[in-house]
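Peer 1: Any chance you could fold what I've pasted below:
(one chain, ligands or ions: 1)
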Amino acid sequence: MVRKIIMVTLAVILIMLTWFYLVPYIRLVASPFSWAEADRDKSGFVSPSEAAYFAECGRRAYTEDGKNCIEYYALKDGLTLKKECK
Ligand SMILES: [Ca+2]
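Peer 2: Residues are numbered from 1 along each chain as shown. From the prediction side, this is the model:
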């Protein structure tokens, strides 16, 4: 019984660690941001919080000087993360 409780506890811990530390990186890879852009403090490493910050973004289309542009912004605080114009 104790062994089963330990196994379930370890499984829960593994799931939580995966959710908080691995999922943001997977979402960052699928986002329009590069690793260098996601490294906000330019430390050379993208921390889980930086990855989560960039992974949770919104996009807004707008026109600037006749060009179609897209602004990516952080859902957390609304700050502009990136602008792309074509
Ligand atoms: Ca960093």
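
Peer 1: contacting residues around the spatially most central residue of the chain?
Peer 2: Geometric centre of the chain, nearest residue: residue 55, 2.3 Å, by C-alpha atoms, centre = their mean. If you count contacts by C-beta atoms under 8 Å, 6 or more residues apart in numbering, residue 55 has them with 24, 27-28, 30-31. To be clear about C-beta, it is placed using only N, CA and C from the backbone, and glycine gets the same treatment.

Peer 1: what do you get for residue 70?
Peer 2: Residue 70 neighbours (C-beta under 8 Å, 6+ apart): 59-62, 83-85.

Peer 1: how many other residues sit next to residue 42?
Peer 2: Other residues within reach of residue 42, judged by other C-beta atoms under 10 Å, total 7.

Peer 1: Tell me the spacing between it and residue 82.
Peer 2: For residue 42, the distance to residue 82 (C-beta to C-beta, to the nearest Å) stands at 16 Å.

Peer 1: Provide the secondary structure category for the residue of the chain found nearest the ion.
Peer 2: Going by C-beta to the ion, the ion is nearest to residue 43 of the chain, at 3.7 Å. Secondary structure, DSSP: H, G, I helix; E, B strand; the rest coil: residue 43 is coil.
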